[in-house]
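Participant: Provided below are the primary sequence and the corresponding predicted coordinates.
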Amino acid sequence: MSESILPDIDDVIHAPARLAIVATLNAVEEADFRYLLNATGLTKGNLSTHLSKLEEAGYVQIEKTFRGKTPLTLLRLTPQGRAAFDAYRRNMLRFLNQM
């Protein structure tokens, strides 16, 4: 196994729950919290925690608004988040192809 590929793996994205979130958001322009909750199968608390970590890294933008009188949380990948996910996929494929 090559040691040189491992440092290129983004630990923020590599966690399974965050990988599911980023991969889902990469496929859409934006998603609301409920959609992401259903798509990932995470609990509300886990999803919120992982979204906070992704937001801290600059990968996800979180917008809290209302639809009528109902709270609505919209989520989207930032350009930095999309670039990080693309790099993650390339690095993982390169790593797996070396196996």
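Facilitator: Structure received. Please read these numbers as outputs of a predicted model, since none were measured by experiment. Residues are numbered from 1 along each chain as shown.
Participant: pLDDT score for residue 14?
Facilitator: Per-residue confidence (pLDDT) for residue 14: 94.
Participant: wait, I meant residue 5
Facilitator: pLDDT at residue 5 comes out at 47.
Participant: now residue 58
Facilitator: Confidence score, pLDDT, at residue 58: 98.
Participant: Okay, and it sits in which element?
Facilitator: Residue 58 belongs to no helix or strand when assigned by DSSP states H and E.
Participant: Excluding chain neighbours, what is closest to it?
Facilitator: Spatial nearest neighbour of residue 58, chain neighbours left out: residue 80 (4.9 Å); criterion: C-beta to C-beta, 6 or more residues apart in numbering. In this view, the C-beta of every residue, glycine as well, is placed from N, C-alpha and C.
Participant: Look up how far residue 50 lies from that neighbour.
Facilitator: 17 Å (C-beta to C-beta, to the nearest Å).
Participant: Which one's more surrounded, those two?
Facilitator: Higher neighbour count among residue 80 and residue 50: residue 50, with 23 against 13, using other C-beta atoms under 10 Å.
Participant: okay but the more buried one is in contact with residue 15, surely?
Facilitator: Yes. Judged on C-beta atoms under 8 Å, residue 50 makes contact with residue 15 at a distance of 7.3 Å.
Participant: for the chain, what spans make up the helices?
Facilitator: Assigned by DSSP state H, the helices in the chain fall at 11-14, 16-26, 33-40, 44-56, 79-98.
Participant: Could you identify which of those helices is most buried?
Facilitator: Of all these, helix 16-26 has the most neighbours on average by mean count of other C-beta atoms under 10 Å, namely a mean of 19.
Participant: and it, what other elements does it pack with?
Facilitator: helix 11-14, helix 33-40, helix 44-56, strand 60-67, strand 70-77, helix 79-98 (3 or more C-beta pairs under 8 Å, 6 or more residues apart in numbering; DSSP states H and E).
Participant: chain center to that helix: distance?
Facilitator: The chain centre lies 4 Å from the centre of helix 16-26; the measure is C-alpha atoms, centre = their mean, to the nearest Å.
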